[in-house]
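**Student:** next comes the sequence, and after it the predicted model I'd like to discuss.
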Amino acid sequence: MQERRHTAIMFTDLVGYTALMEKNESVALELIKKNRDLHQAAIQKHKGQLIKEMGDGFMATFDNTLDALSCGREIQNEAKAREFDIPVRIGIHYGDITIDNEDIFGHGVNMASRIQAIADPGGIYISESIHELIRDREDLETQYMGAVPLKNIKDPVRTYALKGEGLPPPEKKRIEAIIRRSIYLKYYRNAAIAALLILVVAFIWFIRTYDIEREVITKSLAVLPFENLSEDPELEYVSSGMTDELIRELSKVSALTVINQRSTRQYAGIAIPFSQISQELNDVNYIVDGTVILKNDSIETEIRLIDPAEDQVIWSQEYQQDVSTTRQLWAQVAQDIIRIMGIFVPEENTALWTGVRPVNPESYELYLKGMHSISKTPPDIEKGVYYFNEAIDRNPADAYAYAGLAVAYIAYGHSPTPTKDVRQKAKAAALRAIQLDSTLAEAWSVLGMVKAYYEWDWEGAEQAYHRANALNPSLPWNHYHYSWYLVLFGRMNEAIYEHKRAKELDPFTPPFTAWLGYIYMMLGEYDKAIRECKLAMEMKNKFEGTMILAGTYFQMGREEEAIEIYEQLVNDYSLPRYNLLGTAYIESGNIEEGKEILYELETKYDTIPSGWGALIRAQMYTALGDYDNAFKWLEFEPHHHFVPWIRVGDNDSSFIKDPRFKAMMRRMNLPDPAPFQYDHDLDL
């Protein structure tokens, strides 16, 4: 009579038994006897049922999952204690089985058997169904090994290694190799079918579109800062603003990658070959330069389109228009350039040019001054806020001034000690800009940041980021902040893609390179992390690249080197020690030095606690194992905008399993921590 039920199934196997049998038959037979005695005693002790002995392996079932895990641990510990000549490997799965005449069958049996086959010698691997049953147990530690393809199992199986005393460190690289081999085999197996499918699709596309005389091309372009030829040499904000206006209009085209002015500004007034500029800016296909003259109420400009491969001007045009129609002018220039480049513009992109409105010359000048101010150093942001507010006073319907104001306030919000009302001001300005002109990508991007960093409205944040990208695919900081949204949810391949896109659009802004290194550090891709950090350190501001390089060294176990770099950074940049050295000292065993820094933070630097100070306190208390104080400061309001990212931090399992951690996740509308979704082979 058949019976179906759910149970924990354990498979064990002696690794290398066949080779041992060929080498020394008597030793192998003696080992079989020792192995049988061990399994029979352990399975009986832990309330299991021995189903079958299969030469050098065993199959057993357990009504209680914890009994199965305890039995597996005892088998491994006793095998080492009894000095087995070869190691045991174990796989455990919880699932459905069919019992028939004291034998068992079914998918659950196959799963346990296949998981055992990939386990580390001396180790215990478990399926996700087991992991879900034990994830809240503080006394059980696991490591996610990946979604592993198993023989005769349709879909890859999320697999975990049990960790702890007596068990070997999980062989992550070996499992990654298994996953890669499966991917390659799948590609080769489907290559012929895929090639045929591509030919069929291409043929259908050709049949449907052969009569449309257009070519869809993806190209890249850099706009160099325009030269100011006005009588007043102080009008730098005009030439800078005009450059950004053209970049914005060109960026509306999805088939065109446009380099941000923050990376082209260094070429202003420098006589070097265009071919060299192109090479340094990711080998852009075209370069645009020009001149601007502001005369009374008119703007005169000459624009040149250059083929850098030939160092040759291939098109130039002079334009003159009233200041009030400036934005229409740059929309027209953008369309002329794109036509000369031979890029097909989709209808949804051309629609973004049709609604360009006239400007109020007085408020427009103030807007340009504001944008020029916030593009400089942090102290200039306050000046930018003043100019934007003045522009709004002159023209309350100026959507661009509201968008600029939103950008300025959100920049305030990313400082260590933002004002309490920065979130409300940024959101109000962004919403007003969108209300006046819903095509402003900058306003949508700021709205996404407010929803992510402050309101924890994750769905709304992603929608806003997507909307900004649809309106301006070449807005680098939108890609950057969306990347960190993706990191928060463990979507690492997507995050790397977005971060690389930000870096491509603005290659000389250090955070877009340095923090890409941080993502690689989180993934244990240390060579890639070091590469990105060193690239960032070649830029004018070396701070972030150097800081993250030190963090990478620390993660690699090179703690002394890391701390030396941190100490040098503190000296070089006259920085407070708290956010760099405190946690590093504690985690490296220099507890008293770490406590001294914590004391300084609490009694001298951050006596009236700020969101930044609270976050640093929480990090140091966590490192000290003082979770009461750690959670106290993590719950501090107004919170620092980085607090949600504790979800993906390098946290101890005991910290994650603390009920207060899960309560924090609920409060921030976040799911519990989960393994990163990352495929090494997709990061090309």
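**Tutor:** Yep, that arrived. Bear in mind that the values here come from a model prediction, so they are computed numbers and not experimental data.
**Student:** pull the contacting residues for the closest residue to L224 other than its chain neighbours.
**Tutor:** Closest residue in space to L224, ignoring its immediate chain neighbours: D289 at 4.3 Å, by C-beta to C-beta, 6 or more residues apart in numbering. (C-beta placed from N, C-alpha, C; glycine too.) Shown in contact with D289 (C-beta atoms under 8 Å, 6 or more residues apart in numbering): 223-224, 226-227, 303-304, 306.
**Student:** mind checking how far D289 is from Q276?
**Tutor:** To Q276, D289 is 14 Å away according to C-beta to C-beta, to the nearest Å.
**Student:** sort out which residues of stretch 19-39 are buried, please.
**Tutor:** By neighbour count on 16 or more other C-beta atoms under 10 Å, the buried set for stretch 19-39 is 20-21, 28, 31-32, 35, 38-39.
**Student:** for these, give me JSON lines that also has pLDDT, secondary structure and distance to E83.
**Tutor:** Shown next, in JSON lines, are the buried residues of stretch 19-39 (pLDDT from 0 to 100; DSSP: H, G, I helix; E, B strand; the rest coil; distance: C-beta to C-beta, whole Å):
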{"residue": "L20", "pLDDT": "85", "secondary structure": "helix", "distance to E83": "14"}
{"residue": "M21", "pLDDT": "83", "secondary structure": "helix", "distance to E83": "18"}
{"residue": "A28", "pLDDT": "88", "secondary structure": "helix", "distance to E83": "15"}
{"residue": "L31", "pLDDT": "92", "secondary structure": "helix", "distance to E83": "10"}
{"residue": "I32", "pLDDT": "91", "secondary structure": "helix", "distance to E83": "15"}
{"residue": "N35", "pLDDT": "92", "secondary structure": "helix", "distance to E83": "12"}
{"residue": "L38", "pLDDT": "94", "secondary structure": "helix", "distance to E83": "12"}
{"residue": "H39", "pLDDT": "94", "secondary structure": "helix", "distance to E83": "17"}
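**Student:** of those, which is the nearest to H481?
**Tutor:** Nearest to H481 among the buried residues of stretch 19-39, counting by C-beta to C-beta, is H39 at 54.9 Å.
**Student:** against Y400, how distant is the closest one?
**Tutor:** 75 Å.
**Student:** do the same with P609
**Tutor:** From P609 to Y400 the distance is 37 Å (C-beta to C-beta).
**Student:** between these two, which one's more packed in?
**Tutor:** In this view P609 and Y400 are compared by other C-beta atoms under 10 Å, and Y400 has more residues nearby, 27 against 13.
**Student:** I'd say that one and G370 touch.
**Tutor:** No. Look at Y400 against G370 with C-beta atoms under 8 Å: they stay out of range, at 9.5 Å.
**Student:** name the nearest residue to T419, ignoring sequence neighbours.
**Tutor:** Spatial nearest neighbour of T419, chain neighbours left out: Y412 (6.7 Å); criterion: C-beta to C-beta, 6+ apart.
**Student:** following the helix or strand where that neighbour lies, which helix or strand comes up?
**Tutor:** Per DSSP states H and E, Y412 falls inside helix 399-413. Toward the C-terminus, helix 399-413 is succeeded by helix 422-436 as the next helix or strand (DSSP H and E).
**Student:** for that following helix, packing partners?
**Tutor:** helix 399-413, helix 441-449 (3 or more C-beta pairs under 8 Å, 6 or more residues apart in numbering; DSSP states H and E).
**Student:** give the buried residues for the next helix or strand after the last one.
**Tutor:** So the one you mean is helix 441-449. Where DSSP H and E defines the elements, the next helix or strand beyond helix 441-449 is helix 458-471. By neighbour count on 16+ other C-beta under 10 Å, the buried set for helix 458-471 is 458, 461-462, 464-465, 467-471.
**Student:** report how many residues lie close to P156.
**Tutor:** Counted with other C-beta under 10 Å, the neighbours of P156 add up to 13.
**Student:** oh sorry, the question was meant for T142
**Tutor:** By other C-beta under 10 Å, 22 other residues sit near T142.
**Student:** my reading is that it is in a strand; is that accurate?
**Tutor:** Yes. Residue state for T142 (DSSP: H, G, I helix; E, B strand; the rest coil) corresponds to a strand.
**Student:** mind checking pLDDT for it?
**Tutor:** Note on T142: pLDDT of 90.
**Student:** from R73, how far out is it?
**Tutor:** Taken as C-beta to C-beta, the span from T142 to R73 is 13 Å.
**Student:** need the overlap of contacts for these two.
**Tutor:** L162.
**Student:** does L305 lie in a helix or a strand, and which?
**Tutor:** Per DSSP H and E: L305 is located in strand 298-307.
**Student:** parallel or antiparallel, list what pairs with that strand.
**Tutor:** Using DSSP bridges, strand 298-307 pairs in its sheet with strand 286-295 (antiparallel), strand 312-322 (antiparallel).
**Student:** of all those strands, which one comes closest to Y566?
**Tutor:** That would be strand 286-295 among the strands paired with strand 298-307, by C-beta to C-beta, at 40.3 Å.
**Student:** please work out the average pLDDT along the closest one.
**Tutor:** On average, strand 286-295 scores 92.
**Student:** tell me how many other residues surround the nearest residue to L475 once chain neighbours are set aside.
**Tutor:** Distances taken as C-beta to C-beta, 6+ apart place A441 nearest to L475, at 5.3 Å, with adjacent residues excluded. Other residues near A441 come to 22 when the count uses other C-beta under 10 Å.
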